[in-house]
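Chemist: need a 3D model of the following:
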Amino acid sequence: MIGALLRTRYEILQQIGDNPIMTTFIAHDRARDRNVVLKVIKEKYCKEHEFISELLDLSTQLKSIDEPGIAKLLDIEQDDGRWFMVCSYLPGSSVYDRLKRLSTLTQSSALTVIRRVLEALVPLHEKGHVHGDISARNVVVGSSDEAGLLLPGVWRAYSSSVAAGVEMLPLIAPYLAPEVTMGGMPSPQSDVYAVGVLLFEMLAGCRPYGGKTPAEIATQHVSSEYPSLTRLNTAVPMPLDELVKKAMAKKPGDRYFSAKAMLNDVKLLEDALRFGKRLTWPLDPQPETAADERVGPRLNVVRDQEAEKKMAKRRASARGEGVPRWMVGIFIVTASFAIAAIGVLAYNNLTKPKILTVPNIIGMTFAQATAELDEMDLKLKRVKQSPSDEYAVYVVMEVSPSVGQDIRQFSTVNAVVSTGSNFVEVPDLTGMTPAEARRLLASMNLALAAFVETVYDPSVPEGTIVSQKPKERTNVERQTKIAVQVSTHSRSVIDAPPRADSNIYTLRWQLPDSPFPIMLRVDVEDVLGTRTVHQEMYEPEENISLDIEAYGPKATFYIYYDGVLESRITQSARPDEDDDDGDNADEDSVD
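Modeler: Residues are numbered from 1 along each chain as shown. Purely as a prediction, here's the structure:
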């Protein structure tokens, strides 16, 4: 659907997500000259009256929600039988995508994200609404760890459709509070529980409870003990572990009674970490009264009796009666250490993660390999991308530890992922129109030459390609331009000049900081259409300078980092007509 125009208004620019119910796109709202998010409902659910009716009702109820940390549901519209939701655009990437790249977040980053989520939840709850689907996929994180919530209240539409509920359950189950899985309705406190699960996931790099089916996961949430964060990540301090534990309490009455209450503790922890304060739990304890506070003077007779008893004990000890106190003390201390050592050994043996074997995930796509390891309670982390003539794009090439090696449960497997071959096989363009050939070549990281030669050939349909150079089945490097000859049935037609003058545009900027190499892709949109003109792996913070040829008086450049659109820059051939609209741009220095 890329390039499609819905309701003659919303131009679809990029797909950013997909689930069993809807596909998510970034689109440009031409009427208001802004970017929005479209959630296009899949055909099966467009025909479910109750599902669509619930979404329309939700749109009316949520019109009063206009908070900066919540993606606003602007409208529900229909185009040629397809229903879609129009939401405000929150720039950034989901926590789910961040964790796929980074495995875990730092304590300060995780707390900042959670603080932003809670700050968005407080007004939502105060207006009588429940989010109901807080998860790593529905929290977007931008620069400086600003976070935003997506899809508040849409759980109601899922629950109105048996089919939708079943399809979405595997995505929702890891964050559902025990009372919801047992038949209760989502509530502000079930939102607090989901926030606790999300914070656990960001700090530990895995979810607190796993299972092969939603039913197994739900059972874990209801009956399994809270898995200590400090055991999975020793850098997590005890008070932060206790905060997560309280948010994830099985009984709603044992949790934070509101998002606001949890927000207060999160702020206290943030300040303590920022300024190096000593952390204790509870974070804001009530003042304690002295345990030995006197309520009145003792009577002299009582004091004399106690003094006499102490003196008698000293005399008995001096005469050797009974066991000397120092010996009793040594015995107690020794016994305590022995009991503690036995307890620690038993606890470690009971709770120590299992020894697993790294499965053979080489040759799988990154998504398939991630799912395979998830079932084993292992984490997959992409540490490098590299070109390969053997493996297709996004396929796992290497892993560390290597296949067959032993690894602890809940550990991370590092993967090298293929970016595909540097060479592409030229397709057969004969019989296609130039427009059809241009679209096909763009999908293969190739391009059609700007100059299209016409030749007299009445034996083939007019306007179709007669020959090409390089020939079909030739292996060429990416971005190679393919020259073609197009048939004409008129002998008077001479070779046409290029349809537009070519211009060289220069882009310069610095890549952001990142723990991993960045796959940079640049697409250009000009009078010839949209095509990929550059794709290469770069190191973080590397300075980029690209000279790109485009056709016509103006060109728009789309810059992607690891497949995610980061900025859109429009330039004119004349410098005094530059029109850098900077949509979604993070790099202010792009020329």
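
Chemist: which stretches of this structure have low pLDDT?
Modeler: Low-confidence segments of the chain (pLDDT under 70): 144-145, 284-353, 491-500, 515, 575-591.

Chemist: show residues contacting the helix or strand hosting Gly165.
Modeler: Gly165 belongs to helix 162-172 when elements are defined using DSSP states H and E. With contact meaning C-beta atoms under 8 Å, 6 or more residues apart in numbering, helix 162-172 is reached by 19-21, 44-45, 48, 51, 133, 135, 137, 155, 157-159, 214. For the C-beta atoms, the positions are set from N, CA and C on the backbone; glycine is no exception.

Chemist: check stretch 196-205 too.
Modeler: By C-beta under 8 Å, 6+ apart, the residues outside stretch 196-205 that reach it are 95, 99, 103-105, 107, 109-111, 113-114, 117, 134-136, 139, 174-175, 207-208, 229, 232-233, 236, 240, 243-248, 255, 379, 410, 412.

Chemist: helices along the stretch 301-450 of the chain, start to end?
Modeler: Ranges of helices within the stretch 301-450 of the chain are 325-351, 366-374, 434-443, based on DSSP state H, counting those that start in this stretch.

Chemist: now Asp374: closest residue in space, sequence neighbours ignored.
Modeler: Gly210 (7.3 Å; C-beta to C-beta, 6 or more residues apart in numbering).

Chemist: quick one: the one you found and Thr106, what's the gap?
Modeler: 24 Å (C-beta to C-beta, to the nearest Å).

Chemist: quick one: which of those two has more around it?
Modeler: For the pair Gly210 and Thr106, the greater number of neighbours falls to Gly210 (17 against 14), based on other C-beta atoms under 10 Å.

Chemist: who's in contact with stretch 76-85?
Modeler: Around stretch 76-85, the neighbours that count as contacts under C-beta under 8 Å, 6+ apart are 6-7, 22, 38-41, 43, 46, 52, 55-56, 59, 73, 75, 86.

Chemist: first-to-last residue distance for it?
Modeler: 5 Å (C-alpha to C-alpha, to the nearest Å).

Chemist: offset the numbering so it begins at 44, please.
Modeler: Let's use 44 as the start, then, which means that last one is stretch 119-128.

Chemist: okay, buried residues for that stretch please.
Modeler: By 16 or more other C-beta atoms under 10 Å, the buried positions in stretch 119-128 come out as Ile119, Glu120, Asp122, Trp126, Phe127, Met128.

Chemist: how far does that stretch sit from its chain's centre?
Modeler: Put simply, stretch 119-128 sits 27 Å off its chain's centre (C-alpha atoms, centre = their mean, to the nearest Å).

Chemist: could you do stretch 257-277 as well?
Modeler: Distance, centroid of stretch 257-277 to centroid of chain: 21 Å (C-alpha atoms, centre = their mean).

Chemist: for it, buried residues please.
Modeler: Pro257, Ile260, Ala261, Gln263, His264, Tyr269, Pro270, Ser271, Leu272, Arg274, Leu275, Asn276.

Chemist: SS state for the second one?
Modeler: When the structure is split into helix, strand and coil by DSSP: H, G, I helix; E, B strand; the rest coil, Ile260 lands in helix.

Chemist: I figured it hits Pro251, correct?
Modeler: No. Contact criterion C-beta atoms under 8 Å: Ile260 and Pro251 do not qualify, at 10.0 Å.

Chemist: just to revisit the earlier point, show me which of the contacts of stretch 119-128 are buried.
Modeler: Going by neighbour count (16+ other C-beta under 10 Å), the contacts of stretch 119-128 have Leu49, Met65, Leu81, Lys82, Val83, Ile84, Ile95, Leu98, Ser102, Leu116, Val129 buried.

Chemist: in JSON lines: those, plus secondary structure and distance to Ser186.
Modeler: Output for these, formatted as JSON lines (DSSP: H, G, I helix; E, B strand; the rest coil; distance: C-beta to C-beta, whole Å):
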{"residue": "Leu49", "secondary structure": "strand", "distance to Ser186": "29"}
{"residue": "Met65", "secondary structure": "strand", "distance to Ser186": "27"}
{"residue": "Leu81", "secondary structure": "strand", "distance to Ser186": "23"}
{"residue": "Lys82", "secondary structure": "strand", "distance to Ser186": "24"}
{"residue": "Val83", "secondary structure": "strand", "distance to Ser186": "28"}
{"residue": "Ile84", "secondary structure": "strand", "distance to Ser186": "31"}
{"residue": "Ile95", "secondary structure": "helix", "distance to Ser186": "36"}
{"residue": "Leu98", "secondary structure": "helix", "distance to Ser186": "31"}
{"residue": "Ser102", "secondary structure": "helix", "distance to Ser186": "30"}
{"residue": "Leu116", "secondary structure": "strand", "distance to Ser186": "24"}
{"residue": "Val129", "secondary structure": "strand", "distance to Ser186": "24"}
